[in-house]
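Engineer: any chance you could fold what I've pasted below:
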Amino acid sequence: MSEWALYNALKGWTLYDLTISEVQLLIQVMSANEVKLTQVCRRGAAQWKPLSAQENPDFFLKKTQNADNYPPIPQDKTSSGIDTDYFVVRPRKQLPRLHKRYDVTIACTLFSTNKSFETESVNLSEGGLQFKDLLPDWIAGYFIVGVTTPNGLVQLMCSLVEDQKEKKRVQIVSEDTDPQYMLYRHWLSSLP
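Structural biologist: Sure thing, here's the model as predicted:
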């Protein structure tokens, strides 16, 4: 009877109207982490529950493999060489850097409307900065980064770099004609 639903948070999919056999099959092809992050729900239930062998032992029954009355799998279909007929693994494309990166440690202050955060740079370029410390959660949208150069404080309009594992990088969004950005670029050009 098709009465089960699974939600896999790791892969972001949901399947409805599954039989117990279908759920068992899905569990067999899931990684241990996927199983831990999967929720299960029976039709008519009030809420989703974590998928576990304790709560749903029927889903985790080990089926015996009986190969009787089946022909052997052809050897040419079991070699790893056959994978190359079906799968092409393309190397990740590395985009060229737009700006030269400078590994410089310098004091920086991030300013929002009513707060500030002091840190140091790990590296910087005309396009952005990476900081030593994780940035606080209140850093969002557009904000000012004050870079303490030997010639004084330079203030740059910045935003967070998207899709980063650790919140440590910002991109500069100041206009090319902004006098502060021009001072920053001039200072960068003087670095070795």
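Engineer: now the helices for the chain?
Structural biologist: Using DSSP state H, the helices of the chain run over 20-29, 32-36, 83-86, 179-189.
Engineer: check contacts around the closest residue in space to S125 that isn't next to it in sequence.
Structural biologist: Distances taken as C-beta to C-beta, 6 or more residues apart in numbering place H99 nearest to S125, at 3.9 Å, with adjacent residues excluded. Just so you know, the C-beta spots here come from the backbone N, C-alpha and C atoms, and that holds for glycine as well. Residues counted as contacts of H99 (C-beta atoms under 8 Å, 6 or more residues apart in numbering) are 125-127.
Engineer: could the helices of the chain go into TSV alongside mean pLDDT and mean neighbour count?
Structural biologist: Below are the helices of the chain laid out as TSV (pLDDT from 0 to 100; neighbours: other C-beta atoms under 10 Å):
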stretch	mean pLDDT	mean neighbour count
helix 20-29	90	14
helix 32-36	83	13
helix 83-86	55	8
helix 179-189	94	16
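Engineer: ramachandran angles for the closest residue to K100 other than its chain neighbours?
Structural biologist: The spatial neighbour of K100 that comes closest, neighbours along the chain excluded (C-beta to C-beta, 6+ apart), is S125 at 6.1 Å. Torsion angles at S125 (phi, psi; degrees, to the nearest 10) stand at phi -150, psi -180.
Engineer: hmm, S125 is touching V104, no?
Structural biologist: No: applying C-beta atoms under 8 Å, one finds S125 not in contact with V104, separated by 10.0 Å.
Engineer: please consider this matter closed, and thank you.
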